[in-house]
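*Asks:* Make a model of this:
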Amino acid sequence: MNNIHPVALFRYSVLGPLVSRVELQRGELKATLHELAARHYDIPGSRNSLLSEKTIEAWYYAWRREGIDALTPKIRSDRGQSKIDPAVQEAILEAKRKNPRRSIRTIRRLLESRGTVTKDELSRSAIHRLLQAHGLSCIKGSASEPEEHRAYVAQYAGDIWYGDVMHGPRVPMNGGMHKAYLVSLMDDASRLIAHSAFCPGETALDIEAVLKQAVLKRGLPVKLVIDNGPAYRAKTLQGICARLGIHLIYCRPYAPEGKGKLERWHRTFRNQFLSELDTSRLRDLSDLNARLWAWIETVYHCTPHSGLEQRTPLQRYQQDLPRVRTLGTLAARLDELFYHRIKRKVRKDGTVSYQGERFEVPYELSGRSVFLVVDPHTQMVLGVEDADGQSIGEATPLDAVANVNRQRRKPQPLEESSPGSTGKDNEVELAYRQYYDQTEEES
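*Replies:* Numbering: from 1, shown residues only. This is a model prediction of the structure:
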């Protein structure tokens with residue numbers, strides 16, 4: 001087996017429980033395929049970690065027919081050879097050489113307008129392969145040169161944290177089996193996991209919950225680098241980081257290099273935790289998280305890391321403890337800092353709406369825009385704030401029936417002039433006197 005292709009070896013290792021059996025009983029193949037498809041793998045050349053039952057089954061029957069050689073990826077016999085007519089090939093290459101900035105779409109449209117090819121005769125992939133084979137697929141110059149990436153590490157623990165989400169196993173939730181999502185925050189300098197938890201989703205609320213536990217345990221980072229996805233772009237997360245004094249930084253789309261250390265952590269996690277996890281023992285999501293936290297604290301944080309000069313993540317983190325920003329006085333207000341602020345306009349009857357329910361706020365706020373303070377986990381409306389974050393009253397559920405007998409405040413009537421008033425400050429009286437005094441003088 002000295003010259004066996006690495007991909008063939010990987011596929012063979014996946015088939016281990018099947019190829020080691022001399023004979024399979026009725027129904028055993030299907031059950032084994034289902035079990036193998038539920039596992040996570042470090043797949044060569046892929047960021048995915050799951051394999052379908054259909055794929056594994058195809059590998060199994062290929063192995064039965066031809067042995068391990070059948071698991072080697074097949075190279076196309078026509079690889080590197082274009083099926084496009086030579087005259088058309090030359091026209092494509094000439095069009096690209098004349099204007100290197102021409103896109104594939106532009107080249108195809110140009111050839112169609114000239115009558116060189118019929119409409120939709122050429123596929124984009126065929127043109128791309130031809131240009132790539134002749135080294136013309138990229139524009140020369142600064143716009144197309146590969147971006148320079150250099151390895152770096154934060155000088156101190158707490159300088160930079162990275163956040164990301166990874167798909168996890170299926171666990172019992174809400175009466176059924178549902179996928180869990182691993183939300184993790186890692187410290188750059190020490191590789192320490194500030195906090196990580198399996199969540200029922202990958203929403204902003206799930207990410208905020210992990211961040212809250214992370215700052216409670218490990219203090220406040222200077223910068224938090226996260227993906228550019230919709231969940232991370234939530235205004236609530238931005239507001240929380242602003243209140244905590246955390247500089248929130250978004251990775252550029254399709255540029256995962258900025259979080260390489262966290263990607264490496266995910267690979268370690270799949271190989272060491274998920275591959276050893278017995279999902280049949282899990283009762284619910286909290287049961288899975290209990291195993292996660294035990295493994296992180298007793299195994300991952302205590303294992304020497306080659307990138308840390310053989311120190312453990314915990315040792316490297318503790319080295320910079322005096323420099324880590326603590327919560328300080330913010331600790332007493334942490335729950336409040338993680339509340340959501342939802343903008344609403346107060347109706348003329350002094351009410352606002354939230355999640356299909358109406359709440360009464362101080363009547364003086366009618367017609368104004370306010371911010372409802374909401375506990376996102378309990379969905380309770382706690383009060384009302386202005387744009388500066390100052391409390392301007394309470395918000396109570398509307399009780400329309402009780403309002404029937406509620407005493408309402410009425411505007412005070414204007415004071416009437418007393419009979420003995422001299423009318424010196426009355427404009428009507430002044431005009432009257434001025435007019436008739438002038439008339440008497442003229443007569």
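*Asks:* okay, now the domains of this structure?
*Replies:* 6-71, 86-133, 160-323, 339-404 (automatic domain parsing).
*Asks:* following the helix or strand where Trp293 lies, which helix or strand comes up?
*Replies:* Per DSSP states H and E: Trp293 is located in helix 285-298. As assigned by DSSP H and E, the chain's next helix or strand after helix 285-298 is helix 313-319.
*Asks:* residues of that following helix that come out buried?
*Replies:* 313-317 (16 or more other C-beta atoms under 10 Å). To be clear about C-beta, it is placed using only N, CA and C from the backbone, and glycine gets the same treatment.
*Asks:* Tell me which strands whichever strand in the chain runs longest pairs with, and in which orientation.
*Replies:* Ranked by residue count and defined by DSSP state E, the top strand of the chain is strand 160-173. Under the criterion DSSP bridges, strand 160-173 sits next to strand 176-187 (antiparallel), strand 223-226 (parallel) in its sheet.
*Asks:* would you turn these into a markdown table with distance to Ser113, mean neighbour count and mean pLDDT?
*Replies:* Listed next are the strands paired with strand 160-173 as a markdown table, based on distance: least, C-beta to C-beta, whole Å; neighbours: other C-beta atoms under 10 Å; pLDDT from 0 to 100:
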| stretch | distance to Ser113 | mean neighbour count | mean pLDDT |
| --- | --- | --- | --- |
| strand 176-187 | 49 | 20 | 93 |
| strand 223-226 | 46 | 21 | 90 |
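*Asks:* Show the contacting residues for Gly201.
*Replies:* Tyr181 (C-beta atoms under 8 Å, 6 or more residues apart in numbering).
*Asks:* Okay, helices next: where are they in the stretch 1-150 of the chain?
*Replies:* For the stretch 1-150 of the chain, helices defined by DSSP state H, counting those that start in this stretch occupy the ranges 6-14, 16-19, 28-37, 53-66, 86-98, 104-114, 124-133.
*Asks:* roughly how far out does the second one sit from the chain middle?
*Replies:* Okay, so that is helix 16-19. Helix 16-19 sits 38 Å away from the centroid of its parent chain (C-alpha atoms, centre = their mean, to the nearest Å).
*Asks:* right, so of the helices of the stretch 1-150 of the chain, which gets closest to Ser369?
*Replies:* For Ser369, the closest of the helices of the stretch 1-150 of the chain is helix 104-114, at 46.5 Å, according to C-beta to C-beta.
*Asks:* which residues sit against the closest one?
*Replies:* 88, 91-92, 95-96, 102, 117-119, 121-122, 124, 127-128, 131.
*Asks:* same thing but 10 Å
*Replies:* Contact with helix 104-114 is made by 88, 91-96, 99, 102-103, 116-128, 130-131, 137, as judged by C-beta atoms under 10 Å, 6 or more residues apart in numbering.
*Asks:* What angle do helix 124-133 and that helix make with each other?
*Replies:* 110 degrees (axes from the mean of the first three to the mean of the last three C-alpha atoms, to 10 degrees).
*Asks:* show me where pLDDT drops low in the stretch 301-443 of the chain?
*Replies:* Along the stretch 301-443 of the chain, segments meeting pLDDT under 70 span 400-425, 438-443.
*Asks:* got the residue ranges for the helices in it?
*Replies:* 313-319, 334-337, 427-442.
*Asks:* circling back: switch the helices of the stretch 1-150 of the chain over to TSV; also include mean pLDDT.
*Replies:* Listed next are the helices of the stretch 1-150 of the chain as TSV, based on pLDDT from 0 to 100:
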stretch	mean pLDDT
helix 6-14	84
helix 16-19	82
helix 28-37	88
helix 53-66	89
helix 86-98	88
helix 104-114	87
helix 124-133	87
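*Asks:* So for Asp375, which of those sits nearest?
*Replies:* helix 28-37 (39.9 Å).
*Asks:* which parts of that closest one are buried?
*Replies:* Quick answer for helix 28-37 (16+ other C-beta under 10 Å): 32-33, 36-37.
*Asks:* Next, the angle helix 53-66 makes with that helix.
*Replies:* 120 degrees.
*Asks:* quick check, distance from helix 28-37 to the centre of its chain.
*Replies:* With C-alpha atoms, centre = their mean, you get 33 Å for helix 28-37.
*Asks:* same for it, what does it pack against?
*Replies:* Judged by 3 or more C-beta pairs under 10 Å, 6 or more residues apart in numbering; DSSP states H and E, helix 28-37 is in contact with helix 16-19, helix 53-66.
*Asks:* hmm, who's touching it?
*Replies:* By C-beta under 10 Å, 6+ apart, helix 28-37 touches 14-18, 21, 24-25, 50-57, 60.
*Asks:* need the contact list for Ser190.
*Replies:* 153-154, 156-158, 218, 301, 305, 308, 311-320.
*Asks:* ok, for Tyr250, nearest residue in space, not its chain neighbours?
*Replies:* In this structure, Tyr250 finds its nearest non-sequential neighbour in Asn228, 4.7 Å apart by C-beta to C-beta, 6 or more residues apart in numbering.
*Asks:* looking at this, the one you found is in a strand?
*Replies:* No: per DSSP: H, G, I helix; E, B strand; the rest coil, Asn228 lies outside any strand segment and is coil.
*Asks:* How many residues are close by it?
*Replies:* By other C-beta atoms under 10 Å, the residues close to Asn228 number 12.
*Asks:* Could you check how far it is from Gly67?
*Replies:* 46 Å (C-beta to C-beta, to the nearest Å).
*Asks:* do His305 as well
*Replies:* His305 is 40 Å from Gly67, by C-beta to C-beta.
*Asks:* who's more crowded, those two?
*Replies:* Per other C-beta under 10 Å, whichever of His305 and Gly67 has more neighbours is His305, with 18 against 12.
*Asks:* Next one: Glu364 relative to Gly219, how far apart?
*Replies:* The gap separating Glu364 from Gly219 is 41 Å, by C-beta to C-beta.
*Asks:* I meant to write Leu288 there.
*Replies:* 27 Å.
*Asks:* Please say which of these two ends up with more neighbours.
*Replies:* Neighbour comparison, Leu288 and Gly219: the larger count goes to Leu288, with 23 against 18 (by other C-beta under 10 Å).
*Asks:* right, and that one touches Ser196 too?
*Replies:* No: Leu288 is beyond contact range of Ser196, at 11.6 Å (criterion: C-beta atoms under 10 Å).
*Asks:* got any residues that touch both of these two?
*Replies:* Here Leu288 and Ser196 have Leu182 as joint contacts, going by C-beta under 10 Å, 6+ apart.
*Asks:* what residue ranges in the stretch 151-300 of the chain score low on pLDDT?
*Replies:* In the stretch 151-300 of the chain (pLDDT under 70), the answer is 151-152, 252-259.
*Asks:* show me where the stretch 301-443 of the chain has strands.
*Replies:* 340-345, 351-354, 357-360, 369-375, 380-385, 391-393, 396-397 (DSSP state E, counting those that start in this stretch).
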